[in-house]
Structure formats: structure tokens, C-alpha cells
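# return a 3D structure for these sequence lines:
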Amino acid sequence: VEKIQLHSASLGSVALGSSIQLGVVFYINGGETSLPIASVNGQGSGGVDFNVMGALQCDPNAGVPLKIDDFPLSCTTTVKFAPSAPGIRNGGLTLYSASSGAALATVSLSGLGIGPQAAFDPPTRVVLASAFKQAQNTAVDAHGNVYVADSLNNQVLKYPWTGSNYGTPALVGSGVTYPSAVAVDGFGNVFVGTGLGAQILEFPWDGSSYGTSTVAFPPSGGPYPGGIGPMAVDSFGNVFFCNGDAVSELQKLDIGYAQLENVVPAYGGQSNLDPVQGCAGIAIDSYRNLYVADQGGNRIVKVPWGQSQYVGFGSPVGIYPAIYGFPGYGPPQTTVAGLNAPSGLAMDGAGNLYILSNGNQVLKAPATSSGYGPAITITGGFTAATGIAVDGQGSLYVSDSVLNTLTKLDRSTPPSLVFLPSAVGHISSDS
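The predicted structure is shown next:
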């Protein structure tokens, strides 16, 4: 079987409670005696949003065992997408060898859940864990598992969601030196950015445990000047990350191709097209647009995906048509202004932005038909909040590197309202 490089399949927009099916075709060139087995992950847990419907369907003339005359062999597996929550839903389809169990091919899956999402503010505040040594960053996957970069303990912890509460935290691999950022792809693979080693490590998930890490970036093994800052993974498996030096860059890493693309140039570089002055957080919407917390510029910028390529280095500098018709990212555009040193960023299924302000407050910039409304305060009381993530129910997770806590801001549970006694036909005095 010829291993397929990272490809992707989009199953489109589906209303909550509904589903859609899509056939994915694999071409098998040889080397197998039995038909491979197709399986899906929903960010590490099968059946969250995606499911394989039935066995692999191949050319009707293929025999068992397979013979050399049967190749090349065309096989189709049908994937069902039934979103469990609104917003972008990511998963992964893997083709396994029936004889060795080895992964032969992978396809990134994505879809958009359409439906209402109720959230209640102010949120109920719950400290999920403490006693970290600099809780630097956090992430949450489609199954509700929460990940924390525990920097000075040189580890990344996973808090598994059981459906009603969180289980015993587990280590994500080993051999991590000062983790500064964490992100999860559709297959459940965990990407860890390191501050001292200045690398991005990938810990592969096989459905039950994490394998040995590989250096996803830089290709030489490192180090990369300045360290690695906040990260995000899109529906195609591409990893976006901030360069952790004082003058940050937002850069794109195409996993599988070892291709590095400069998406937003560093402040003070050759570009005069409104550069970012310190990347402190990244979010990605369903249209592939990037949103960046510009800490030095006190704003959130949108980096639009479209039919132009933003060149942020070299000479000349500016907007160029996409090479050979491939789209790229345009120049950054101010989306939310007037902030105070934003230090983290997340986006929910409705497109609302959640911003860490000056390390001590959580703000919400509501999505509108024309962009975003003014940012409003949801809650405060943090000291040095540097990581924020949002789950499918709209609840937020905040890591604080001074308080050394992981806090859940539960916004999915309706509040209980208790009023003072009042006579029939009258309004209570505290209404």
C-alpha cells in the first residue's frame, strides 16, 4: 500500500441532529494480502463526530487473499458526519494494514456543526487543577479532554473527560523541556512547543496511548531562535505558531511536507503593512481566516485567507497574486481594538472571540454580521493568564502561570435565580 501524504476531506455544514455521508477513495498499489481496515478518530476518541459506515468496499474482482493481478486496487470507505456541537469539528480517517496493524494512509476530516449554542455569563468558576510549576498554555479537544503545558515540571498533562467529570491526569509522552504551548489535531496527536529546546514535538495518538515524539519543526531538529509561542491546528493538519522571541512572528507549518511559510512578518521588519507587534494567541475560523492576539498593538487582527499571498520578507514587499493560482493569506486587519496587552485568544462555535486581557481578565468580543462588537468583560481575578481554550459547549479553560491553576469557566449550566419573598401580585424588591 502506498502511504498517502496528508490529505483532507471536508463534509461541509450540517445542522445539529442531522448527518451527511461522504465516500473517501484509497488507491492500493500492492504489498497487502488482505483488505486494509478503515477507522476514524474524533481528536483521539472515535465516534465523537465522525464514523465509518460499514467495511471497505473494493473492486468486485479482487480476491482473498489479494494477488498481484488485483492491483492497483480502488477501495472506498463511507464516512458519516453527525456534529456533536456547533462550530468546526475535526477528526481523522486512518487506513490500517490488516496483517501488521501499521497505519498505511491518513485523511484529515472536517465539518461545520450548525446550531444554537447557549452560554450563561457570568460563568461558574471551578479550579480543575493546581500546584503546577508555571501553567503556561492550555488546549481542549472535541471529546472535552483538556491539556496543560506544565512548563517548569517539564511535562504536558491530559485531563480526560469521562462524560460527567475529569479522570486522573495522564502524561502526554516524555522528554519535553520547558513546554510553552500545546495543540491537538483531528487525529488526537498532540503538538508541544518547547521554550528552551525551541522545537515543536508531535506525540502520535494510537487510540489508547501516545507514541514516541518526533520533531515536527524545525526540519534540522532545532533549535529555532526565540522559542515557540502559542499554537493552533487547522482542519487540514497545518500547525500555526508564534515565534517566542520579543519580536514575534506568526508562521505556518505544513506537517507532512516540512514546509515553513511566513504568514505574518515580525514587527520592525521590512514590511510596512500594519505588522503584528508580538503574537500572543491564535484562533482559526471555518473559512481558514486566522485571528491573532497582537499584544504590543493592543488589538486582535484578522489575517484573511483568500486569493492573494502576503509576502512579509525580502524585497519588494507587499500583496502578490497567489503563485500558480494557490490562495494565500492577506495582510492583517484590525478586528478588535482598544485592548490592554492581550495575552491569549480562543474562538467558540458561533465565531465569538475570547480574549485574555493583561493577564487578569477574560473578555468576549461577540461576532456580528459585519465583524465583531466591542469586547466586554466576562470575569476577572487571574494574575498571569496566558492560555485560554473553549470546548464545544462554550465553556472556557484558563491556565495561569503565577497562580499555577487550570480553571474552568462553566458557561453551559443555567444559573439558579433566587428572589426575596414577595406578596402575590407584587414584584420582589431585588428584581
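
# just for the protein, where's the confidence low?
Residue ranges of the chain with pLDDT under 70: 1-7, 42-47, 60-70, 197, 219-227, 244-262, 265-274, 307-327.

# and with 80 instead?
Applying pLDDT under 80 to the chain flags residues 1-7, 27-35, 41-47, 58-74, 195-198, 217-227, 243-276, 306-331, 415-417, 431.

# Gly296 contacts Gln277, correct?
Yes: between Gly296 and Gln277 there is a contact under CB atoms under 8 Å: 2.9 Å. All C-beta atoms are positioned from the backbone trio N, CA, C, and that covers glycine.

# quick one: stretch 372-390 to chain centroid distance?
Relative to the centre of its chain, stretch 372-390 is centred 18 Å away, using CA atoms, centre = their mean, to the nearest Å.

# grab the nearest non-local neighbour of Leu396.
Leaving out its chain neighbours, the residue that sits closest to Leu396 by CB to CB, 6 or more residues apart in numbering is Leu409, at 4.1 Å.

# and if you look at Ser108?
Nearest residue to Ser108 in three dimensions, chain neighbours excluded: Ser8, at 4.1 Å (CB to CB, 6+ apart).

# repeat for Thr78
Met53 (4.3 Å).

# and that neighbour, what does it touch?
Residues near Met53 by CB atoms under 8 Å, 6 or more residues apart in numbering: 21, 78-80.

# likewise Ser429?
Ser429 sits in contact with 420, 422, where contact means CB under 8 Å, 6+ apart.

# would you mind measuring from it to Phe187?
57 Å (CB to CB, to the nearest Å).

# so which bits of whichever strand or helix holds Phe240 are buried?
For Phe240, the host element (DSSP states H and E) is strand 239-243. Across strand 239-243, burial judged by 16 or more other CB atoms under 10 Å covers 239-243.

# swap in stretch 96-108?
96-97, 103-108.

# which of the residues you listed sits closest to Gly373?
Distance ranking of the buried residues of stretch 96-108 against Gly373, using CB to CB, places Ser108 first at 32.6 Å.

# only C-alpha atoms, please: export stretch 109-117 in CSV.
Provided in CSV are the C-alpha atoms of stretch 109-117 (Å, rounded to 0.1, in the frame of the first residue of the first chain):
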residue,chain,number,x,y,z
LEU,A,109,-11.7,15.1,8.3
SER,A,110,-13.5,18.3,9.0
GLY,A,111,-17.1,19.6,9.1
LEU,A,112,-19.1,22.5,10.4
GLY,A,113,-21.8,22.0,13.0
ILE,A,114,-24.7,24.4,12.6
GLY,A,115,-27.0,25.2,15.5
PRO,A,116,-27.6,27.4,18.6
GLN,A,117,-25.2,27.5,21.5
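
# ok, and for it, which residues are buried?
Buried residues in stretch 109-117, counting neighbours by 16+ other CB under 10 Å, are found at 109-113, 117.

# pull the number of nearby residues for Ile388.
Neighbour count for Ile388, taken as other CB atoms under 10 Å: 27.

# quick one: it and Val362, what's the gap?
7 Å.

# shared neighbours, the two?
354-356, 396, 398.

# which of those lies closest to Ala149?
Closest approach between those and Ala149, by CB to CB: Val398, at 13.1 Å.

# circling back: next step: the contacts of Met53 restricted to strands.
21, 78-80 (DSSP state E).

# which residues touch the closest residue in space to Gly330 that isn't next to it in sequence?
Spatial nearest neighbour of Gly330, excluding adjacent residues (CB to CB, 6+ apart): Pro304 at 4.6 Å. Going by CB under 8 Å, 6+ apart, Pro304 touches 289, 329-330, 333.

# enumerate every residue touching Leu16.
Counting by CB under 8 Å, 6+ apart, Leu16 makes contact with 83-86, 113-115.

# tabulate these (CSV), appending secondary structure.
Shown next, in CSV, are the contacts of Leu16 (DSSP: H, G, I helix; E, B strand; the rest coil):
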residue, secondary structure
Pro83, coil
Ser84, coil
Ala85, coil
Pro86, coil
Gly113, strand
Ile114, strand
Gly115, coil
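
# out of those, which is nearest to Arg125?
Relative to Arg125, and with distances defined as CB to CB, the nearest of the contacts of Leu16 is Ala85, at 21.9 Å.

# what's the burial count for the closest one?
20.

# do I have it right that it meets Ser395?
No: counting by CB under 8 Å, Ala85 stays clear of Ser395, with 11.1 Å between them.

# give me the phi and psi angles of Asn358.
Main-chain torsions, Asn358, degrees, to the nearest 10: phi 60, psi 20.

# pretty sure it contacts Asn340?
Yes: between Asn358 and Asn340 a contact is recorded at 4.4 Å, counting by CB under 8 Å.

# what helix or strand is the residue lying closest to Gly186 once chain neighbours are set aside located in?
Distances taken as CB to CB, 6+ apart place Asn90 nearest to Gly186, at 3.5 Å, with adjacent residues excluded. Using DSSP H and E, Asn90 maps to strand 87-96.

# which parts of that strand are buried?
In terms of neighbour count (16+ other CB under 10 Å), strand 87-96 has its buried residues at 87-96.

# can you list those residues in JSON lines and add distance to Cys58?
Output for these, formatted as JSON lines (distance: CB to CB, whole Å):
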{"residue": "Gly87", "distance to Cys58": "35"}
{"residue": "Ile88", "distance to Cys58": "32"}
{"residue": "Arg89", "distance to Cys58": "28"}
{"residue": "Asn90", "distance to Cys58": "27"}
{"residue": "Gly91", "distance to Cys58": "23"}
{"residue": "Gly92", "distance to Cys58": "21"}
{"residue": "Leu93", "distance to Cys58": "16"}
{"residue": "Thr94", "distance to Cys58": "17"}
{"residue": "Leu95", "distance to Cys58": "12"}
{"residue": "Tyr96", "distance to Cys58": "15"}
